[in-house]
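K.L.:
show me how the following folds:
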Amino acid sequence: MKNVFKTLLIASCLCYAAVAVSAQEAESAPKATLADFHVGDTVVIKKDHERYLTGEKMSKWVYNVEHTILQVGGIRRHQEGILLKGIYSWVLPDDIINKTTHPEEAAANQEAKAAAERQAEEQKEAAQEARQDSIQAVKDSVKDAKEEAARQDSIARAERAAALKAYNDSVEQTRQDSIAMRAYRDSVAQATRDSLRKVYEETKDSQEAIYVITQKPQEIFNCNRFTIGLRGGAASLMQNTEKKMGNWHVGWDVMLDLQYAHYWKKFGKKMQYGLLVGVSAGFTRSHLESGVLDEFDEQTTSGNIHYTVKAQNVKEYDGQLQLEVPLMFSMIHENGFFMNIGPRFALPVYSPYNQKITQPDIIAYFEEEGVTVPNAMITGQVSDQQADSNGKWKASTLNVILGAELGYEFTFKNKNSLGIGVYGNYGLYSLYKNDTDNKSLINIAEVPDANKPAVVNVLSATDTYAKGVGFFDVGLKLAYHFNWWK
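P.N.:
Just a heads-up that it's a prediction; the model follows:
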């Protein structure tokens, strides 16, 4: 640990000395003016200047290359600035060194920049070495703790084994005692039965009595039931958004049920068992919200364009009009309680969506020219009309749902009944697979050229990002049953 603190102390002193020397040089050097520079001069950027005149932070590569002056002083804006060719950015006269008139000072600036980078690398290596020493110390401590825990665990296992053996011995003794007691009771009962049989045989008449015990045979009652029901509650398409998306939210659904069931009932039993089929139709809706941050490249005739697509807030509402075909096992108790459980086959009919993207931004970097254009017409701006999109997302053709219903029925004199209960459905097997090759929600459909801007499309979040979509719903059910007994 002493070596670690020593290394960190030396690194801190070197960093402080470098900062002090840089500050002293900055105070002693006279500030440059526009008169010291001319169009066509070769300049380098000073090592301790980090931002352009417009406020943007400079990239590391601009310090290691020479730049040519394109313009000295702006006409309307940046009148005190100098425009550099290649990066097309404005800087102040004091931000650069004129290599054409001061080659020695420019060379010293480059050498100082290189020395500062080497010093930062040395400090990074020293910090890494100190970190490795600290990690090794933690590893040694963890190893000792594990060895002590293993020893304590071995002692505890031995104690548990001894206690278990004593318990098993006591259980075996109790079992032997129980067997002996049961044998004694059986012998007493047998002796009693033998005595009673002997008395009966001595006192019975010579003519034997015949007893005929009759029992009414079991009867089978069948029931056919037609049901009209309405159910609704919380529902959601469960988007598996992985890393690109944010959160999906629970929505709602409402369904109309038309069902037929046939029940079998044995006389004297309290439960009816049957099979339920039918068709249901309804609508469900939920939504998701997220942000967009994507990057991709497009090849054009003039070179490669690297696009960065950003949006702070994306909200999409997904709906689905679907048919469901149940095939469920059904039970009804004579007191009015019922339960249905089994699969439902969901068939999507129409899957609309509407989407709003807030503050979209497309940034294009032209590699051949080294120019970055933030959200300009050359890259294709997203209009307000495009950001509010509507359409139909690509739903599957089949989804198998496992459903369960529990409830209570109020039976009237005509044997028809009104039922109320709760239900829940879950996507057991889903074909909602919307894997896509789209690069982003905000898609560059046609790349730009010299005469026209890019064409921008806004796509569905469910189609573009959702790897797999499941479904669930829970709620209340109200139904009226028409019963026909056979």
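
K.L.:
can you give me the helices in the stretch 251-400 of the chain?
P.N.:
Ranges of helices in the stretch 251-400 of the chain, per DSSP state H, counting those that start in this stretch, are 384-387.

K.L.:
tell me where the model's unsure across this protein.
P.N.:
The model of the chain has pLDDT under 70 over residues 1-30, 204-221, 240-246, 265-269, 376-377, 411-414, 429-437, 467-468.

K.L.:
okay, domains of this protein per the record?
P.N.:
For the chain, automatic domain parsing gives the domain ranges 2-120, 222-485.

K.L.:
so Asn109, which of the three states?
P.N.:
Three-state assignment for Asn109 (DSSP: H, G, I helix; E, B strand; the rest coil): helix.

K.L.:
which ones are touching it?
P.N.:
Shown in contact with Asn109 (CB atoms under 8 Å, 6 or more residues apart in numbering): 44, 46-47, 97. Glycine gets a C-beta too; all of them are placed from N, C-alpha and C.

K.L.:
one more time with 10 Å, if that's ok
P.N.:
44-48, 63, 96-97, 99, 102 (CB atoms under 10 Å, 6 or more residues apart in numbering).

K.L.:
looking at those residues, which are in strands?
P.N.:
The strands, defined by DSSP state E, take in 44-45, 96-97 from these.

K.L.:
go through the domains of the chain and name the closest to Ala166.
P.N.:
Closest to Ala166 of those is domain 222-485 (CB to CB; 47.2 Å).

K.L.:
would you turn the contacts of Asn109 into CSV with neighbour count?
P.N.:
Putting the contacts of Asn109 into CSV (neighbours: other CB atoms under 10 Å) gives the following:
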residue, neighbour count
Val44, 22
Ile45, 25
Lys46, 21
Lys47, 19
Asp48, 15
Tyr63, 19
Ile96, 23
Ile97, 25
Lys99, 19
His102, 16
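
K.L.:
could you identify the most distant pair in the ones in strands among the contacts of Asn109?
P.N.:
By the measure CB to CB, Ile45 and Ile97 form the most distant pair in those, at 8.0 Å.

K.L.:
now, among the contacts of Asn109, which is nearest to Glu324?
P.N.:
Minimum distance to Glu324 across the contacts of Asn109 is 66.2 Å, recorded for Tyr63 (CB to CB).

K.L.:
please report how far the closest one lies from Lys99.
P.N.:
Tyr63 sits 13 Å away from Lys99, going by CB to CB, to the nearest Å.

K.L.:
list residues touching both of the two?
P.N.:
With CB under 10 Å, 6+ apart, Tyr63 and Lys99 have common neighbours 44, 109-110.

K.L.:
need the residues you listed in a markdown table (columns: distance to Ser389).
P.N.:
Converted to a markdown table, the shared contacts of Tyr63 and Lys99 look like this (distance: CB to CB, whole Å):
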| residue | distance to Ser389 |
| --- | --- |
| Val44 | 49 |
| Asn109 | 52 |
| Gln110 | 52 |
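
K.L.:
about what we covered before: turn the ones in strands among the contacts of Asn109 into JSON lines, columns for distance to Asn222.
P.N.:
Formatted as JSON lines, those follow (distance: CB to CB, whole Å):
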{"residue": "Val44", "distance to Asn222": "98"}
{"residue": "Ile45", "distance to Asn222": "93"}
{"residue": "Ile96", "distance to Asn222": "98"}
{"residue": "Ile97", "distance to Asn222": "101"}
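
K.L.:
for Gln272, state which of these is nearest.
P.N.:
For the ones in strands among the contacts of Asn109, with Gln272 as the reference and CB to CB as the criterion, the closest is Ile45, at 88.0 Å.

K.L.:
what sits against the closest one?
P.N.:
52, 58, 62-67, 84, 87, 91, 95-97, 106, 109-110, 113.

K.L.:
which of the residues you listed are buried?
P.N.:
Buried members of the contacts of Ile45, counted by 16 or more other CB atoms under 10 Å: 52, 58, 62-63, 67, 84, 87, 91, 95-97, 106, 109-110, 113.

K.L.:
from these, which is closest to Pro448?
P.N.:
Nearest member of these to Pro448, counting by CB to CB, is Ile87, at 21.4 Å.

K.L.:
verify the contact between that closest one and Glu66 for me.
P.N.:
No: taking CB atoms under 10 Å as the definition, Ile87 is not a contact partner of Glu66, at 11.8 Å.

K.L.:
tell me the contacts of Asn313?
P.N.:
246, 289-292, 356-360.

K.L.:
so which of the residues you listed are in strands?
P.N.:
Per DSSP E, the contacts of Asn313 map to strands at 289-292, 356-360.

K.L.:
make CSV out of the residues you listed and add neighbour count and distance to Met255.
P.N.:
Shown next, in CSV, are these (neighbours: other CB atoms under 10 Å; distance: CB to CB, whole Å):
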residue, neighbour count, distance to Met255
Glu289, 17, 26
Ser290, 20, 29
Gly291, 15, 34
Val292, 21, 34
Lys356, 15, 28
Ile357, 23, 32
Thr358, 12, 33
Gln359, 11, 38
Pro360, 23, 37
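
K.L.:
picking that back up, between the domains of the chain, which one is nearest to Asn168?
P.N.:
In terms of CB to CB, the element of the domains of the chain nearest to Asn168 is domain 222-485, at 42.5 Å.

K.L.:
mind checking how far Phe472 is from Val250?
P.N.:
From Phe472 to Val250 the distance is 9 Å (CB to CB).

K.L.:
shared neighbours, these two?
P.N.:
Contact criterion CB under 10 Å, 6+ apart; residues shared by Phe472 and Val250: 234-238, 286.

K.L.:
need the buried ones from those residues selected in ChimeraX.
P.N.:
This is the ChimeraX syntax for the buried subset of those, where burial follows 16+ other CB under 10 Å:
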select :235,236,237,238,286
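
K.L.:
nearest to Gly407, of the shared contacts of Phe472 and Val250?
P.N.:
Ala234 (17.4 Å).

K.L.:
where does the closest one sit: helix, strand or coil?
P.N.:
When classified by three-state DSSP, Ala234 comes out as strand.

K.L.:
same question, Asp169
P.N.:
Classified using three-state DSSP, Asp169 is helix.

K.L.:
ok, it - how many residues close by?
P.N.:
The burial count assigned to Asp169 is 10, neighbours taken as other CB atoms under 10 Å.

K.L.:
from Arg175, how far off is it?
P.N.:
Asp169 is 11 Å from Arg175, by CB to CB.
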